[in-house]
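Peer 1: Pasting the sequence and the predicted coordinates here, then a few questions.
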Amino acid sequence: MHDLAVLYEHPEWQRPLFAALDARGVDYVAIDAKRAAFRSDSEVPARVVFNQASPSAYVRGNTRAVPFVLAYLRHLEQLGCDVINGSAAFALELSKAAQVALCRRLGIDHPRSVVLNDAEAGIAAVDGDWPRLLKPDLGGSGARIEVVDGPDALRRALAVEGIWEPDHLFLLQELLAHDPERGIVRLELLEGQLLYPMRVVTHGRFNLCPSPVCNPVDGEGGACEIAAPDAKPVEFYPYPEVPDEAVHSARRILEAASIDVGAVEYLETPDGRRVFYDVNANSNLRPSVAEAFGVSPFERVVDMLVGRIQRAAG
């Protein structure tokens, strides 16, 4: 049995983590969830399993990886394995509706939302003004998110062939204004502690993945499958002035979601709201921002993993 197993689907995202594990000499096995199977009598592959699968697998043609990972995590947990970002964390990441419900339960401001599986039903449920932000319940990499300015625009958006795949569920959320020059805020946390905060200037894009693979530092040569709009590249900046109250809210969200390594995003509206709108269990770290805080992010993750391995070994 290995000390660590890393369950993943996107190999490019994992290269920095694998390099950090190799440099530390950690005994690990990488499990690719794109084409995989396990037996009902299978034993755990390692003392600790680190789930790095992403909801956005479907945009890369790897839709079947998501249900496999969820089933495998539940199998491992039933066997008593120490799973980091386990089935509860992954299930929450797979559902924007569940994230909204969690924030409501915690009393944390979140986008007012309509959850729908039919355009007409969604239109009837809207209580308020248009435009609205349309996004899939199973999100990832900004795929299928768009602004709709009224009922007809919603009907057109949801009539596009294949738009309902893979989960046949969408959200209509209030469209929240924010200062485009300041962007949104993303907080990266590791076992309840703030790793680093950053501001993300979106320039109208929805794919805000901080991995240099998707949003390169120079804005050129991104390898993401989501086509970028005709806009400036996404910009990522250190945000040392992040309010303590925002960090506290992010910590509460991830703790309630059983997310050990993850990120939370929020924006600030002109009328003073701080609205948390996205929870990520598969956190792609941004080394250039982390370094501004004197943090080596993947080495910190390996520190955490080694500690968990030592505890699991007794």
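Peer 2: Sure thing, it's come through. As the structure is a computational prediction, the values presented were derived from the model and not from experiment.

Peer 1: Compute the number of surrounding residues for residue 41.
Peer 2: The number of residues packed near residue 41 is 5, by other CB atoms under 10 Å. For every residue, glycine as well, the C-beta is placed using N, CA and C.

Peer 1: Let me know the distance separating it from residue 47.
Peer 2: Residue 41 sits 19 Å away from residue 47, going by CB to CB, to the nearest Å.

Peer 1: Identify the residue nearest the residue positioned nearest the centre of the chain in space, chain neighbours excluded?
Peer 2: Nearest to the mean C-alpha position of the chain, counting by CA atoms, centre = their mean, stands residue 280 at 2.6 Å. Spatial nearest neighbour of residue 280, excluding adjacent residues (CB to CB, 6 or more residues apart in numbering): residue 263 at 4.4 Å.

Peer 1: pretty sure that neighbour is touching residue 188, no?
Peer 2: Yes. With contact defined as CB atoms under 8 Å, residue 263 counts as touching residue 188 (4.9 Å).

Peer 1: so what sits against both of those two?
Peer 2: The overlap between the contact sets of residue 263 and residue 188 (CB atoms under 8 Å, 6 or more residues apart in numbering) consists of residue 283.

Peer 1: which intervals of this protein have sub-threshold pLDDT?
Peer 2: Residue ranges of the chain with pLDDT under 70: 218-231.

Peer 1: do that again at 90, thanks
Peer 2: 1, 11, 59, 128, 139-143, 203-233, 282-284, 314 (pLDDT under 90).

Peer 1: circling back to that earlier point, the residue nearest to residue 280 should be in a strand, yeah?
Peer 2: Yes. Using DSSP: H, G, I helix; E, B strand; the rest coil, the assignment for residue 263 is a strand.

Peer 1: mind listing what residue 206 touches?
Peer 2: By CB under 8 Å, 6+ apart, the residues touching residue 206 are 142, 145.

Peer 1: For it, give its distance to residue 35.
Peer 2: Going from residue 206 to residue 35 by CB to CB gives 29 Å.

Peer 1: again, but for residue 158
Peer 2: Note on residue 158: its distance to residue 35, by CB to CB, is 32 Å.

Peer 1: quick one, which of those two is more surrounded?
Peer 2: Each of residue 158 and residue 35 has its neighbours counted (other CB under 10 Å); residue 158 has more, 18 against 9.

Peer 1: Over to that one: give its phi and psi.
Peer 2: Main-chain torsions, residue 158, degrees, to the nearest 10: phi -90, psi 0.

Peer 1: My guess is it contacts residue 170. True?
Peer 2: Yes. Using CB under 8 Å, residue 158 is in contact with residue 170, at 7.1 Å.

Peer 1: dump the residue contacts of the residue nearest to the centre of the chain.
Peer 2: With CB under 8 Å, 6+ apart, residue 280 has these contacts: 93, 262-265.

Peer 1: Check residue 122 too.
Peer 2: Contacts of residue 122 by CB under 8 Å, 6+ apart are 114, 116, 154, 170, 172.

Peer 1: centre of the chain versus stretch 292-308, how much separation?
Peer 2: 19 Å (CA atoms, centre = their mean, to the nearest Å).

Peer 1: just to revisit the earlier point, common neighbours of residue 158 and residue 170, please.
Peer 2: Joint contacts of residue 158 and residue 170 (CB under 8 Å, 6+ apart) are 134, 164.

Peer 1: which residues touch the helix ranked longest in the chain?
Peer 2: Determined from DSSP state H, the single longest helix within the chain is helix 297-313. For helix 297-313, contacts defined as CB under 8 Å, 6+ apart pick out 3-4, 16-17, 19-21, 24, 26, 47-48, 50, 82, 84, 188, 190-191, 195-196, 260-261, 285-287, 290.
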